[in-house]
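*Asks:* Prediction below, plus the sequence it came from.
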Amino acid sequence: MEVFDLNGIPPFNQDLEMDMPARVKQLISKIREADAMLIATPEPYGDNPFNEKPVAIINAFIGMLGGARAQYHLRQMFVFLKCIKLMS
């Protein structure tokens, strides 16, 4: 098993999609080479900074669903975090 630290991976920027940072290229290469992946994520416990935080979800996508799948999953997370949904 190999652990890949996401330190140095910037937020997605479509302007850089044709010339991605080296660390992103390295991650893509590691994913292609892997037989399988295990993704571990923490869950907030105790002091939840998202509690009752207003949130809005927007997206820009040219496909038929217009980012509906991403919005669906974000909504699920925000419900768990007890955020207030303002609009989508």
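*Replies:* Happy to help now that I have it.

*Asks:* measure stretch 42-55 end to end?
*Replies:* Criterion C-alpha to C-alpha, to the nearest Å; first-to-last residue distance in stretch 42-55 is 21 Å.

*Asks:* Report the mean confidence score over it.
*Replies:* Per-residue pLDDT values across stretch 42-55 average out to 84.

*Asks:* host element of Val55?
*Replies:* Val55 belongs to strand 54-56 when elements are defined using DSSP states H and E.

*Asks:* for that strand, which positions count as buried?
*Replies:* In terms of neighbour count (16 or more other C-beta atoms under 10 Å), strand 54-56 has its buried residues at Val55. (Glycine included, C-beta is placed from N, CA and C.)

*Asks:* all strands for the chain, in order.
*Replies:* Taking DSSP state E to define them, one finds strands in the chain at 54-56, 84-87.

*Asks:* Distance of Met1 relative to Asp19?
*Replies:* 31 Å (C-beta to C-beta, to the nearest Å).

*Asks:* Provide a list of residues in contact with Lys30.
*Replies:* Going by C-beta atoms under 8 Å, 6 or more residues apart in numbering, Lys30 touches Glu2, Phe4.

*Asks:* same thing but at 7 Å, please
*Replies:* If you count contacts by C-beta atoms under 7 Å, 6 or more residues apart in numbering, Lys30 has them with Phe4.

*Asks:* so what pLDDT did it get?
*Replies:* Per-residue confidence for Lys30 comes out at a pLDDT of 96.

*Asks:* Which residue ranges make up each domain of this structure?
*Replies:* Per automatic domain parsing, the domain ranges recorded for the chain read 1-40, 54-87.

*Asks:* Figure out which of these is closest to Asp47.
*Replies:* domain 54-87 (12.2 Å; C-beta to C-beta).

*Asks:* Now do His73: how many residues are near it, please.
*Replies:* Around His73 there are 10 other residues, counting by other C-beta atoms under 10 Å.
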